[in-house]
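> Provide a 3D model corresponding to the input given below.
(one chain, ligands or ions: 1)
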Amino acid sequence: MAQTGQEFNVDDKKLHEIVHEADNVVPRPTPKEFFEKQPHKSLQNFSDYEKLYRESIENPDKFFGEKAHEFLSWDHDFHKVQWGSFKDGEIAWFLGGKLNASYNCVDRFAFATPDKPAVIFEADDESESRILTFADLLREVSKVAGLLQSWGVKKGDIVAIYLPMTPEAIIAMLACVRLGAVHSCIFAGFSAGSIKERIIDADCKVVITCDEGKRGGRVTHSKEILNSALKECPDVEKVLVYKRTGNPEVEMVEGRDFWWQEEADQFPGYIPPVSVDSEDPLFILYTSGSTGAPKGVVHCTAGYLLGAALTTRYVFDLQPEDILFTAGDVGWITGHTYALYGPLSLGVPTIVFEGTPAYPDMGRFWKIIEKYKATHFYVAPTALRMLKKSGEAEIAKYDLSSLRTLGSVGEPIASEIWKWYDEKIGHKCCHIADTYWQTESGSHLIAPLAGAVPTKPGAATLPFFGIDAVIIDPTTGKVREGNDVEGVLGVRSPWPSMARTVYHCHQRFLNAYLRPYPGFYFTGDGAGRDHDGYYWIRGRVDDVVNVSGHRLSTGEIESVLLENKKVSESAVVGISDDLTGQAVIAAVQLKEPELITDDESLLALRKKLRLHVRKVIGPFAAPKTIIIVDDLPKTRSGKIIRRIIRKICSGEGDSIGDTSTMANPEVVAKLEAEVEQQFGVKN
Ligand code: PRX
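Okay, here's the model as predicted:
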């Protein structure tokens with residue numbers, strides 16, 4: 001049994017025993033038996049879902065008031081369930097209530113089940129894996145919270161966290177919220193420019209990072225990248241550095257940078273959590289929108305935590321005896337909600353995986369599932385596409401019979417991938433949950449309740465409790481009632497876990513989500529509702545591109561390309577890609593095209609532009625293809641027509657339609673020729 005008060009390394013076999021000591025291995029049931037044996041454990045059947053859903057929409061105060069008491073521990077009860085509306089642009093839930101999220105995720109289980117695994121860390125290098133029990137987690141979180149407190153961090157302060165997917169990321173996040181401070185996690189794949197922008201925007205004085213990270217057998221240079229970002233962040237006073245690799249060459253700035261292991265150990269293993277108001281912010285997470293710099297989406301404590309707990313319980317059917325493996329990163333919302341707050345608020349162990357699905361081979365995910373007997377697995381379709389391509393040999397090596405629910409997130413899952421997931425990974429014995437949601441929604445919006453709501457391959461199915469989903473006609477702004485309708489997806493009334501604002505810019509929040517269709521929340525996605533009332537997500541209708549589940553703003557990439565002095569205009573579009581879902585394609589126009597004409601200089605310029613995007617935003621944002629043109633397609637008023645570029649790059653040049661209203665219709669043929677030359681797409 002894992003020991004309280006101590007972290008340790010263990011070998012595979014032992015880990016197996018620790019996690020599932022009392023488990024009897026039962027033979028895999030046939031699908032029929034499985035469904036008879038494994039209905040949703042919290043609901044009886046589909047009519048239960050329908051009944052609860054109706055209650056949640058007709059009487060949200062009663063429904064969510066009761067759930068908030070059932071799922072969360074309060075220091076002080078709330079007196080009003082909700083307030084405000086989309087029309088007012090202000091929303092609040094559980095008014096008057098006081099609680100602490102770290103207490104809810106750690107203390108209450110550390111006292112009841114101290115030896116139960118809380119964070120199961122699967123390191124990139126398997127031999128470095130370890131388990132933290134709830135008691136361990138309470139101790140580590142308290143120590144870091146004590147340290148941060150000694151640095152003056154207090155309720156309301158925003159602390160930046162630039163850490164890869166390790167237990168330390170979870171400890172750091174919970175340490176902040178223990179003090180009532182707000183965490184702002186910055187994805188470990190972001191480069192210096194993006195880190196700087198986020199630290200400055202949130203006015204962070206303290207940053208938490210590590211010396212280096214380990215991923216896919218390689219070392220990532222977290223501190224070095226942060227050091228370069230901090231050159232332009234004069235207000236950062238303290239940096240806490242977790243020694244992950246111990247490379248002595250990592251540069252520490254005296255008086256500013258401190259080693260986590262040396263400092264935290266001086267603080268007690270328990271400090272009391274600070275009680276905060278329901279609506280006090282829990283975290284900020286930056287995400288890309290159609291316009292401008294990334295938005296710091298603000299989530300508040302009680303509503304967010306309730307949404308995380310409820311969806312994890314009801315959608316995934318995650319029960320106390322289960323183990324959840326969310327293969328997402330804490331740098332994104334999936335890691336926040338379903339690697340940390342959802343499972344831990346239910347007292348369920350979460351598997352934190354540092355590596356990649358392809359290292360040391362394509363069987364890594366399956367090996368992890370077998371090793372820890374994970375009951376739930378949650379991943380983006382982009383990884384499934386890659387794993388499907390790699391064949392079945394690696395899957396066959398592992399026993400995946402512990403699995404009960406398989407989740408998908410981040411982008412539409414094609415029905416062919418859905419079926420592969422169901423057959424090859426779930427062996428037709430698992431519930432498949434395609435979960436549609438967003439950074440801003442905090443938790444699932446549309447998703448089946450595993451074992452209670454029948455599924456259709458490729459459909460996100462039906463809305464979660466409290467989500468009054470609507471399909472809006474984008475031209476009239478009117479709601480399309482009934483079934484068999486297409487349009488943009490909106491929500492009619494507030495739900496507890498929705499974002500409340502964009503950090504220090506409420507106007508941006510209103511403009512992006514509440515003003516486009518007054519009276520509704522606008523998701524930015526197109527969707528259809530079929531004859532059964534099931535929702536099918538079609539993808540973004542704004543200038544957001546989804547590459548391997550990473551959400552990118554085309555506008556942001558365009559402005560980075562414009563930083564090159566040779567570029568006069570740029571247009572970025574997303575086109576379908578077999579592996580990554582969508583790929584970024586950039587078309588750039590040069591200031592003096594006559595100066596760069598030979599192939600070698602053009603190649604060098606493309607390389608330079610791609611590298612610049614990698615450096616400023618991150619490797620995942622680098623355009624797959626850069627087309628250099630004399631002129632971009634424009635309207636008579638001078639607006640770039642991205643639709644034409646998208647169509648040509650997708651090989652759909654035939655369907656461009658009427659070009660007579662363009663200012664420069666002659667560019668279409670030129671663009672087609674350039675695209676054909678660049679990546680062989682014939683229109
Ligand atoms: O376009 C939708 C797509 O991802 C967007 C949200 O991205 P982000 O805030 O980064 O959060 C990703 C993880 C929740 C959505 O607007 N998206 C997310 N899940 C799905 C999806 N598209 C289709 N099906 C999904 N299941």
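> now what about the helix or strand encompassing His612, what contacts it?
Using DSSP states H and E, His612 maps to helix 599-616. Helix 599-616 has contacts (Cβ atoms under 8 Å, 6 or more residues apart in numbering) with 191-194, 557, 560-561, 563-564, 566-567, 586, 588, 596, 621-623, 626, 628. Yep, even glycine has a C-beta here, placed from its N, CA and C like the rest.
> what about the helices in the stretch 151-300 of the chain?
Secondary structure of the stretch 151-300 of the chain (DSSP state H, counting those that start in this stretch): helices at 167-178, 192-201, 222-230, 260-264.
> where do the strands sit along the stretch 301-450 of the chain?
324-326, 350-353, 376-379, 405-409, 431-435 (DSSP state E, counting those that start in this stretch).
> just the stretch 51-200 of the chain next, same as before
Under DSSP E, counting those that start in this stretch, the stretch 51-200 of the chain gives strands at 80-85, 90-95, 98-99, 117-122, 130-133, 158-162, 182-185.
> with mean pLDDT and distance to Tyr338 added, can I get those in JSON lines?
Converted to JSON lines, the strands of the stretch 51-200 of the chain look like this (pLDDT from 0 to 100; distance: least, Cβ to Cβ, whole Å):
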{"stretch": "strand 80-85", "mean pLDDT": "98", "distance to Tyr338": "24"}
{"stretch": "strand 90-95", "mean pLDDT": "98", "distance to Tyr338": "20"}
{"stretch": "strand 98-99", "mean pLDDT": "98", "distance to Tyr338": "20"}
{"stretch": "strand 117-122", "mean pLDDT": "98", "distance to Tyr338": "14"}
{"stretch": "strand 130-133", "mean pLDDT": "98", "distance to Tyr338": "18"}
{"stretch": "strand 158-162", "mean pLDDT": "98", "distance to Tyr338": "18"}
{"stretch": "strand 182-185", "mean pLDDT": "98", "distance to Tyr338": "14"}
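> if we can go back for a sec, off-centre distance for the helix holding His612?
From the chain centre to the centre of helix 599-616 is a distance of 29 Å (Cα atoms, centre = their mean, to the nearest Å).
> low-confidence ranges, this protein, go.
1-37, 290-292, 680-683 (pLDDT under 70).
> flag every residue of it that's near the ligand.
When proximity is defined as Cβ under 6 Å from any ligand atom, the chain approaches the ligand at 287, 332-334, 409-412, 434-439, 460, 523-525, 537, 539-540, 546, 551.
> among those residues, which are in helices?
The helices, defined by DSSP state H, take in 333-334 from the residues of the chain next to the ligand.
> among the residues of the chain next to the ligand, which ones are buried?
Using 16 or more other Cβ atoms under 10 Å as the burial test, those include 287, 332-334, 409-412, 434-439, 460, 523-525, 537, 539-540, 546, 551 as buried.
> buried set for stretch 53-71?
Result for stretch 53-71 [16+ other Cβ under 10 Å]: buried residues 53, 56-57, 60, 63-65, 67-68, 71.
> who's in contact with it?
So stretch 53-71 is contacted by 52, 74, 78, 81-82, 93-94, 97, 302, 306, 309-310, 313, 345-346, 462-463, 465-466, 468, 493, 496 (Cβ under 8 Å, 6+ apart).
> figure out which of the helices of the stretch 151-300 of the chain is closest to Thr209.
Among those, the nearest to Thr209 by Cβ to Cβ is helix 222-230 (5.1 Å).
> so what's the residue in the stretch 51-200 of the chain positioned nearest to the ligand closest to, chain neighbours aside?
Taking Cβ to the nearest ligand atom, the ligand has its nearest neighbour within the stretch 51-200 of the chain at Phe187, 10.3 Å off. Nearest non-adjacent residue to Phe187, counting by Cβ to Cβ, 6 or more residues apart in numbering: Gly331, 2.8 Å away.
> quick one: the helices in the stretch 401-550 of the chain?
Here the stretch 401-550 of the chain has its helices, by DSSP H, counting those that start in this stretch, at 415-420, 506-509.
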